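Q: I would like the atomic coordinates for the input below:
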Amino acid sequence: MNKNLPKVYASPINKLINNNKDVFYSTENIPKTPSNLNIPQKINQIFANPHHVYKSNVHIKTLDNDLETTIVGKTSTNLLTLNGEKIPLNDIVDIERI
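A: Reported below is the predicted structural model:
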């Protein structure tokens with residue numbers, strides 16, 4: 001035991017303390033309304049978004065599968081991902097920024 005440390009007085013608590021906050025969690029899924037934009041318009045909106053500086057996290061539904069990836073660019077025929085994949089624009093059924 002170190003004798004150089006000062007003594008600390010801990011005041012006893014003789015009253016009820018109720019400083020908890022009420023918290024509510026919900027698991028209800030609210031369906032999103034379908035967008036009337038076509039796929040090229042949705043992609044252009046993602047790249048025109050002020051939050052898109054270099055990359056955007058997106059959920060892409062293609063003809064074959066669903067994937068969550070980070071897109072960094074596009075060509076006339078493909079979307080380019082951060083890990084070097086090319087996703088053909090013709091295969092994309094739906095795209096949404098997450």
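Q: Quick one: list the elements packing against the lengthiest strand in the chain.
A: Scanning the chain for the strand with the most residues, using DSSP state E, yields strand 66-74. When contacts are defined as 3 or more C-beta pairs under 8 Å, 6 or more residues apart in numbering; DSSP states H and E, strand 66-74 sits against helix 39-48, strand 56-62, strand 78-81. Every C-beta, even on glycine, is put in place using the N, C-alpha and C of the backbone.
Q: Tell me which of these lies nearest to D94.
A: Evaluated with C-beta to C-beta, these place strand 56-62 nearest to D94, the distance being 4.3 Å.
Q: and the closest one, which strands flank it?
A: The sheet places strand 56-62 alongside strand 66-74 (antiparallel), strand 92-97 (antiparallel), with pairing taken from DSSP bridges.
Q: returning to that earlier point: buried residues, the longest strand of the chain. List them.
A: Of all the residues in strand 66-74, those buried under the rule 16 or more other C-beta atoms under 10 Å are T69, I71, V72, K74.
Q: For P12, see how far away the last one is.
A: Which is K74. Note on K74: its distance to P12, by C-beta to C-beta, to the nearest Å, is 66 Å.
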